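[1] This is a predicted model, with the sequence first.
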Amino acid sequence: MLCCSFVSVISMNCFISSVELKPNKSGRMFWMKFVEIFSRYSYNIHHHYYQHIDSRKLKKTWWRRLLILGIAFGTIMALWIFWYLRSQALEKRKETLSNMCDERARMLQDQFNVSMNHVQAMSILISTFHHGKNPSAIDQETFAKYTERTAFERPLTSGVAYAVRVLHSEREQFEKQQGWTIKKMTPVNKDKYNPEELEPTPIQPEYAPVIFAQDTVAHVISLDMMTGKEDRENVLRARALGKGVLTAPLDLIKSNRLGVILTFAVYNRDLPSNATPEERINATEGYLGGVFDIRSLVEKLLQQLASKQTIYVNVFDTTNMSNPISMYGTDVLDTGLQHISPLNFGDPSRKHEMRCRFKQKPPWQILAISISFGVFVITLLVGHIFHATVNRIAKVEDDYHEMSELKKHAEDADLAKSQFLATVSHEIRTPMNGVLGMLDMLMDTVLDVTQQDYVRTAQASGKALVSLINAVLDQAKIESGKLELEAVRFELRPILDDVLSLFSGKSQEKGIELAAYVSEKVPETLIGDPGRFRQIITNLMGNSIKFTEEGHIFVTVHLLEEVMESIRVETESSSEDTLSGLPVADRNRSWEGFRPVGQTVGLSESITLIISVEDTGVGIPLDAQSRIFTPFMQVGPSISRIHGGTGIGLSISKCLVNLMNGEIGFNSVPKVGSTFTFTAVFSNPNEQKINGWSKSKSQFCNMLTVIVDPRPVRAEVSRYQIQRLGMHVEIVPSLTSMLSMLTNVSQIVHLVLIEEEVWDRDLSHSIVFVYKLRSLDKIPPKLFLLTNSIGGSRQINGTSPPVITKPLRVNMLVGSLQRAMGGNKDSARNGEIPKLSLSKLLAGRKILVVDDNNVNLRVAAGALKKYGAEVACVDSGRKAISLLNPPHSFDACFMDIQMPEMDGFQATKMIRAMEDDTNNHIQHGNLSLQDYANVSNWHVPILAMTADVIQATHEECLRSGMDGYVSKPFEPNQLYQEVSRFFL
């Protein structure tokens with residue numbers, strides 16, 4: 001059954017794949033119908049099978065027979081695989097031996113033929129220049145030199161000798177002419193060989209004494225080749241056949257080593273090509289023999305194949321098959337396979353062959369053994385699995401039910417955790433909302449300086465507690481995987497201005513530079529989650545402001561492509577090229593481990609930003625850098641005591657960066673500083689929003705501003721911020737250059753921004769600068785000092801230039817310039833929503849506030865009344881329902897969620913149900929439109945007002961019919977953002 005199940009699944013996949021490949025529509029319908037029927041029957045088989053197993057056990061004998069059959073089949077298959085693989089290995093071994101042996105035989109035969117051809121050529125040469133010339137052109141010395149110089153052309157010969165044919169009638173004259181006696185060939189030991197002791201050749205019809213010989217065989221000169229048995233047969237056959245002939249293997253003279261002699265007859269030149277044997281014998285002038293040392297011959301050959309010496313080689317003369325003569329090789333043990341390769345040395349009367357064997361016996365067939373053993377083991381395992389599967393099906397079903405219960409319990413526990421977090425958030429934030437709200441209302445009363453300081457301290461502590469609660473809740477949402485990002489339009493540059501404003505007080509207290517720079521290539525408007533982006537920047541800058549006592553904190557934003565292109569041409573900067581002049585950690589090393597972030601295209605093109613936060617703080621110790629992103633981990637206990645914090649800011653930032661499809665990294669040098677860099681992917685809307693400061697630009701547009709600053713980076717940051725107001729900006733390094741520019745340039749300079757460092761460097765020089773500035777014929781520009789801290793007076797002649805305290809932000813610049821130039825003094829500070837804007841939205845609006853907590857009612861009512869709204873308060877959802885039953889006069893409703901008797905969700909649903917019922921009756925004419933204030937579609941905006949900040953709470957608000965979400969305590973900016981959707 002299990003096999004049938006497996007086959008059915010495979011069959012269905014194959015059928016579906018084949019259907020996708022068939023273009024014919026009717027064929028596709030046929031196969032789809034077939035698959036449907038097949039699937040139905042397969043399901044029925046499986047269903048009845050499992051019911052059968054679950055209802056009763058199968059007989060043990062049936063399982064035993066099935067297992068035995070399967071194991072027997074697997075065993076037979078394993079043996080067959082072993083036999084097949086072993087035979088394949090033996091065939092391959094035979095083929096390898098055959099190739100190796102044939103290769104050696106072919107090389108030996110080819111080299112022998114080369115030597116034989118050269119010996120034959122020498123016989124023709126002797127016939128031409130010795131017998132064809134009178135006197136002879138060849139003597140022993142000439143022959144010896146020639147054969148020595150041409151020895152490379154006969155690689156397998158150990159020597160060459162020429163024996164002349166001498167008849168008995170010519171012997172006496174020949175011996176007198178040569179000066180020696182023709183001697184008989186007598187084999188002797190090489191150590192006792194002495195040519196002088198050899199006996200003269202006995203009388204015979206003809207002789208064949210050696211007259212020329214190569215130096216290696218010079219000992220054979222004067223020896224009669226007709227006196228040796230093998231040599232005599234060789235000579236007689238050679239002159240009769242007219243071809244080269246070989247002797248049987250024999251012991252060579254003097255060396256006593258086994259060898260063969262190749263003999264060619266030398267004829268006179270007028271011998272016809274079709275001569276008979278008798279004519280060849282009569283025309284014979286002598287015999288040229290080449291000596292082959294078989295052992296040296298074969299060893300030279302095998303040396304050329306030294307890397308392949310894995311076989312034994314034997315060479316045999318098999319002319320007499322019953323008694324073959326071993327020419328080379330040793331007797332070896334039988335190692336199994338043997339291959340015989342025939343050798344043809346050009347003499348048809350003699351037969352030779354090469355016999356090869358492997359040096360080692362065949363190895364164990366590890367592959368065949370392992371595979372066959374593996375098949376056998378797999379057979380046993382399959383049998384075991386088959387047996388165990390049936391027994392475990394019932395247990396698996398029980399485990400499935402148990403896991404379902406556990407899953408339900410886990411989901412309930414997760415829901416309880418979310419509810420617990422929501423309750424804790426509400427219970428803590430609700431009283432904090434009252435505390436902060438009352439403190440804010442207290443600030444609107446008449447207080448002395450000390451009381452204002454106390455209130456501000458209490459507000460700061462309360463906000464710090466709220467921030468801590470938010471951080472812990474964010475970490476909880478991250479751990480539960482429920483943290484989600486928004487996708488809304490937002491402007492990046494105002495967010496950075498807000499963050500700079502948040503830390504401006506601390507930076508001014510410490511006197512450190514705090515600045516932000518956004519590349520002009522970064523779009524004005526992006527689509528993403530501005531709140532989470534702000535949170536990342538705030539966490540990173542918050543850490544920097546904690547650990548930096550001097551120098552600067554610098555935030556930069558660029559396109560990733562822009563940075564990567566600049567790296568190719570960027571050179572290492574010096575410490576003077578930084579914002580404050582102090583050395584910094586190399587920012588390039590902070591993104592070394594980043595992977596390339598690909599561009600994705602959806603409804604709008606996506607862009608990747610790379611943001612760096614650079615500081616000159618104490619840096620991170622090397623031993624702590626590996627755990628910097630671990631939740632609730634800090635560098636050391638002293639850090640928590642000195643600077644505070646929970647140690648979860650960076651871990652939350654890393655998770656948020658990952659959700660933005662980016663990466664985060666850092667480079668930190670102790671006692672130098674740290675640079676944190678992260679990337680984030682945003683959507684780039686097709687239509688860019690017009691810059692929000694167009695009104696301010698209209699006031700300062702085309703004005704010329706000069707910045708006096710010797711530091712290039714700091715000057716560029718100032719230029720970036722001022723250019724956002726629509727001004728033209730020039731940079732000069734000193735007051736002298738400033739005066740020169742004012743003198744030589746005809747264009748009017750409206751503003752001069754001087755760095756405090758330049759101004760305080762030489763106050764006497766600054767006095768001269770002011771004096772010359774006032775003495776110019778032109779209208780003198782307005783002077784401003786740029787400083788990092790609020791401090792000492794810089795008066796000159798009783799006057800002091802207006803001071804702009806950094807960090808520079810657009811809203812702050814606008815307010816400072818307007819105040820200094822006599823403009824509006826009530827402009828917004830630090831990016832806050834002006835009270836006038838909220839007043840315009842809320843003035844005369846009738847708003848219902850629903851909350852069961854009297855303190856929260858007073859706080860919310862006070863905040864809304866401050867902006868001119870008419871506020872009515874109720875403490876339960878039922879009262880809200882009765883007041884919001886159409887027709888009514890309320891413009892909006894702020895409703896708490898967690899209330900006794902009826903919560904905000906239920907109240908909202910009932911209100912929406914009443915509105916829908918009323919609208920339906922009006923549309924069908926059942927109700928008079930005049931009785932309902934001429935409103936045909938009743939829908940009062942209901943904003944959730946709760947301390948819960950869990951994403952699930954927000955989603956529940958929207959599902960219940962609410963229009964917005966305001967977390968307590970709410971700020972003016974948040975309030976303006978929500979109500980502007982309905983009242984603008």
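    Thanks, I have it.
[2] When you work out contacts or count neighbours from here on, use the C-alpha atoms and nothing else.
    Fine.
[3] Which parts of the stretch 501-650 of the chain are helices?
    Per DSSP state H, counting those that start in this stretch, the stretch 501-650 of the chain carries helices over the ranges 530-547, 560-567, 637-643, 649-659.
[4] remind me which residues of the stretch 701-850 of the chain are low pLDDT?
    For the stretch 701-850 of the chain, applying pLDDT under 70 flags the ranges 762, 777, 790-800, 822-837.
[5] That one: strands as residue ranges?
    Using DSSP state E, counting those that start in this stretch, the strands of the stretch 701-850 of the chain run over 704-708, 728-732, 751-755, 782-787, 803-805, 846-850.
[6] I'd like these written out as a markdown table, with distance to A944 and mean neighbour count added.
    Below are the strands of the stretch 701-850 of the chain laid out as a markdown table (distance: least, Cα to Cα, whole Å; neighbours: other Cα atoms under 10 Å):
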| stretch | distance to A944 | mean neighbour count |
| --- | --- | --- |
| strand 704-708 | 48 | 23 |
| strand 728-732 | 47 | 18 |
| strand 751-755 | 47 | 22 |
| strand 782-787 | 44 | 20 |
| strand 803-805 | 39 | 20 |
| strand 846-850 | 10 | 23 |
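[7] among those, which is nearest T616?
    T616 lies closest to strand 782-787 among the strands of the stretch 701-850 of the chain, at 18.3 Å (Cα to Cα).
[8] and the angle from the closest one to strand 751-755?
    Taking axes from the mean of the first three to the mean of the last three Cα atoms, to 10 degrees, one finds strand 782-787 and strand 751-755 inclined to each other by 20 degrees.
[9] other SSEs contacting strand 782-787?
    Applying 3 or more Cα pairs under 8 Å, 6 or more residues apart in numbering; DSSP states H and E, one finds that strand 782-787 makes contact with strand 751-755, helix 756-761, strand 803-805.
[10] Go ahead and name everything in contact with that strand.
    750-756, 759, 801-806 (Cα atoms under 8 Å, 6 or more residues apart in numbering).
[11] neighbouring strands for that strand, and are they parallel or not?
    strand 751-755 (parallel), strand 803-805 (parallel) (DSSP bridges).
[12] Mind putting these into TSV with distance to E716?
    Below are the strands paired with strand 782-787 laid out as TSV (distance: least, Cα to Cα, whole Å):
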stretch	distance to E716
strand 751-755	13
strand 803-805	17
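[13] circling back to that earlier point, possible to save the helices of the stretch 501-650 of the chain as JSON lines with mean neighbour count, distance to G346 and mean pLDDT?
    Converted to JSON lines, those look like this (neighbours: other Cα atoms under 10 Å; distance: least, Cα to Cα, whole Å; pLDDT from 0 to 100):
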{"stretch": "helix 530-547", "mean neighbour count": "19", "distance to G346": "94", "mean pLDDT": "90"}
{"stretch": "helix 560-567", "mean neighbour count": "13", "distance to G346": "77", "mean pLDDT": "78"}
{"stretch": "helix 637-643", "mean neighbour count": "11", "distance to G346": "98", "mean pLDDT": "48"}
{"stretch": "helix 649-659", "mean neighbour count": "21", "distance to G346": "84", "mean pLDDT": "88"}
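[14] For G481, give me the pLDDT.
    In the predicted model, G481 carries a pLDDT score of 67.
[15] Could you pull up the residues touching the nearest residue to V518 once chain neighbours are set aside?
    Leaving aside its sequence neighbours, V518 sits nearest to V557 (Cα to Cα, 6 or more residues apart in numbering; 4.7 Å). By Cα under 8 Å, 6+ apart, the contact list for V557 reads Y517, V518, S519, V522, L609, I610, I611, S612.
[16] One more pass at 6 Å, please.
    V557 makes contacts with V518, I610, I611, as judged by Cα atoms under 6 Å, 6 or more residues apart in numbering.
[17] tell me which of the residues you listed is nearest to I68?
    I610 (67.8 Å).
[18] So P342 belongs to a strand, correct?
    Yes: under DSSP: H, G, I helix; E, B strand; the rest coil, P342 sits within a strand.
[19] and it, bridged to which residues?
    With DSSP bridges as the rule, P342 is bridged to E353.
[20] That one and S936, how far apart?
    Distance of P342 to S936, given as Cα to Cα, to the nearest Å: 114 Å.
[21] Could you do P494 as well?
    40 Å.
[22] Likewise for P530?
    P530 sits 37 Å away from S936, going by Cα to Cα.
[23] Ok, S127 next?
    S127 sits 135 Å away from S936, going by Cα to Cα.
[24] Comparing the two, which shows the higher neighbour count?
    Per other Cα atoms under 10 Å, whichever of S127 and S936 has more neighbours is S127, with 20 against 16.
[25] Report pLDDT for the more buried one.
    For S127, pLDDT reads 86.
[26] Wasn't it part of a strand?
    No: counting by three-state DSSP, one finds S127 to be helix, located in no strand.
[27] show me the contacts for it.
    Contacts of S127 were listed using Cα under 6 Å, 6+ apart, and they are V266.
[28] Would you mind pulling the contact partners of stretch 875-890?
    Stretch 875-890 has contacts (Cα under 6 Å, 6+ apart) with K846, I847, V850, D851, D852, M902, A907, I911, Y932.
[29] swap in stretch 671-689?
    Stretch 671-689 is contacted by residues 525-528, 584-585, 587, 604-619, 660-668 when judged by Cα under 6 Å, 6+ apart.
[30] Same check on stretch 288-308?
    By Cα under 6 Å, 6+ apart, the residues outside stretch 288-308 that reach it are 123, 156-162, 259-264, 328.
[31] For N667, list each beta-bridge partner.
    Going by DSSP bridges, N667 forms beta bridges with T675.
[32] That one touches S590, doesn't it?
    Yes: counting by Cα atoms under 6 Å, N667 does reach S590; the two are 4.6 Å apart.
[33] Can you name the next helix or strand after the strand or helix carrying E172?
    Taking DSSP states H and E as the definition, one finds E172 inside helix 171-178. If you walk from helix 171-178 toward the C-terminus, the next helix or strand you reach (DSSP H and E) is strand 183-184.
[34] Tell me which helix or strand comes right after that following strand.
    Downstream of strand 183-184, the first helix or strand assigned by DSSP H and E is strand 206-207.
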